[in-house]
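K.L.:
below are the sequence and a predicted model; questions follow.
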Amino acid sequence: MSAAVTPETSPAPVSPTTPRPIPATGTAHSPGSRTAAPDPRPDAAAGAAARSPDTSPSRRRLDWRIRFGALALIWGFSFLLIKVGTHGYAPFQVTLGRLLAGTAVLAAAMAVRRVRLPSGARTWCHLAVAAFFLNALPFSLFAYAELSIPSTLAGICNATSPLWGMALSLVALSEDRPARRRVAGLGLGFLGVLTVLGGWQGFSGLDFGGTAMALLASLCYPIGWIYVRRTLSGTGASALALTGGQLLLGTAQLALVTPLFTSAPEGFPLLPTLAVAALGALGTGFAMLVQFGLVEEVGPTTAQMVTYFIPVVATAAGVVVLGERLSWNTLVGALVVLAGAVLTQSGPRGAGPRSATRRRP
């Protein structure tokens, strides 16, 4: 999953591993502006520049439900692909390959649509920080985490991003006093985390280092979204241009770091190589473009619901494909985490989403 924030979703399901794109304006309302709890999607993260959808016959698309389901599958399988990639490459190499492939896909999309990269040194400096917190750091942490924890646990940890996001936004974004149900959701979500980790057993049998890295990776996303919301919401550049620049800088960051901490691979094993290529091209590149279209067609509130399917897919993929074991507390805890995440993004009954126009970053 890839991560970036868009005008409509500032902040919004990337991923692992999301995703998710950067806000070109600060004027559209969004799940994030309504709840200030960003969505976790691997990779990180996604959306599109605000404009009316083209309904002409020449622009006919697959039904949005099919694309929604495909997006959940792509981002959910990202954790499996990370695990497979680490069987042949060092974690930094997995992340570098992922970013290279994702950047290539967005570069091709920008060329086809004749979109230029943003200009201005200040914008690029902010993009560098966004790339670090939304791509380079969380992608690397998830890759390192999966050296010692199953992909199912990594996917569940990723689902805590909305919880971290709400907690941070209450301080960083000076949100109004939250509704009781959102506070209850925050507490419920972290209770679910303790259930997943087996807190009543003293966390016995848990790889603390790997789990901590996965949770830290999930925390990186809301930190990045809050920074983006404060610094890049009024640049005037399109979401695709900003996201392309963000991935380009993330790739450059990994290109500098990887040779310092890893040696050149002795070979290019087929399965891990294909996994890394798919992780980047599909989970970090193509999926972001798919979500651009979903946000444009059905709106951010519906599009961001893909977040809640990612840990489900990640868990199923890990158990069925990789043969990972699933304990009862992992399953129950994951459901509690998702219930808490849903509550943190709920508003008062009968109330619609808050508009970001009332509170410019």
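P.N.:
Yes, it's here.

K.L.:
every contact and neighbour count from this point should use C-alpha atoms.
P.N.:
OK.

K.L.:
what secondary structure does Y89 sit in?
P.N.:
coil (DSSP: H, G, I helix; E, B strand; the rest coil).

K.L.:
okay, it: pLDDT?
P.N.:
Looking at Y89, its pLDDT stands at 97.

K.L.:
same check on A351?
P.N.:
Confidence score, pLDDT, at A351: 44.

K.L.:
quick check, L256 in a strand?
P.N.:
No. Using three-state DSSP, the assignment for L256 is helix, not a strand.

K.L.:
how close does it get to A154?
P.N.:
From L256 across to A154, the span is 26 Å (Cα to Cα, to the nearest Å).

K.L.:
quick one, which of the two is more surrounded?
P.N.:
Applying other Cα atoms under 10 Å to L256 and A154 shows that A154 carries more neighbours, namely 29 against 11.

K.L.:
dump the residue contacts of that one.
P.N.:
Neighbouring residues of A154 by Cα atoms under 8 Å, 6 or more residues apart in numbering: 79, 142, 145-146, 211, 214.

K.L.:
can you name the next helix or strand after the one helix or strand it maps to?
P.N.:
Using DSSP states H and E, A154 maps to helix 151-158. Next along the chain after helix 151-158, taking DSSP H and E as the criterion, comes helix 161-172.

K.L.:
for that following helix, packing partners?
P.N.:
helix 180-197, helix 208-231, helix 328-344 (3 or more Cα pairs under 8 Å, 6 or more residues apart in numbering; DSSP states H and E).

K.L.:
ok now the shortest one, how far from the chain's centre?
P.N.:
Right, the one you point to is helix 328-344. 18 Å (Cα atoms, centre = their mean, to the nearest Å).

K.L.:
deepest-packed of the helices and strands packed on helix 161-172, please.
P.N.:
Sort those by mean neighbour count, taking mean count of other Cα atoms under 10 Å, and helix 208-231 sits at the top with a mean of 24.

K.L.:
convert the helix holding A154 to CSV, retaining C-alpha atoms only.
P.N.:
Taking C-alpha atoms only, helix 151-158 is exported to CSV below (Å, rounded to 0.1, in the frame of the first residue of the first chain):
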residue,chain,number,x,y,z
SER,A,151,2.2,-10.7,7.3
THR,A,152,-1.2,-11.2,9.0
LEU,A,153,0.0,-9.3,12.1
ALA,A,154,1.6,-6.6,10.0
GLY,A,155,-1.7,-6.0,8.2
ILE,A,156,-3.6,-5.8,11.5
CYS,A,157,-1.0,-3.3,12.9
ASN,A,158,-1.5,-1.2,9.7
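
K.L.:
what angle separates it from helix 208-231?
P.N.:
Angle of helix 151-158 versus helix 208-231, following axes from the mean of the first three to the mean of the last three Cα atoms, to 10 degrees, is 40 degrees.

K.L.:
what does the average pLDDT come to for helix 151-158?
P.N.:
91.

K.L.:
what residue ranges in the stretch 1-150 of the chain are flagged as low confidence?
P.N.:
1-61 (pLDDT under 70).

K.L.:
one step back: now for the helices and strands packed on helix 161-172, which one comes closest to P150?
P.N.:
Minimum separation from P150 across the helices and strands packed on helix 161-172 (Cα to Cα) falls at helix 208-231, 9.4 Å.

K.L.:
pLDDT of that closest one, averaged?
P.N.:
92.
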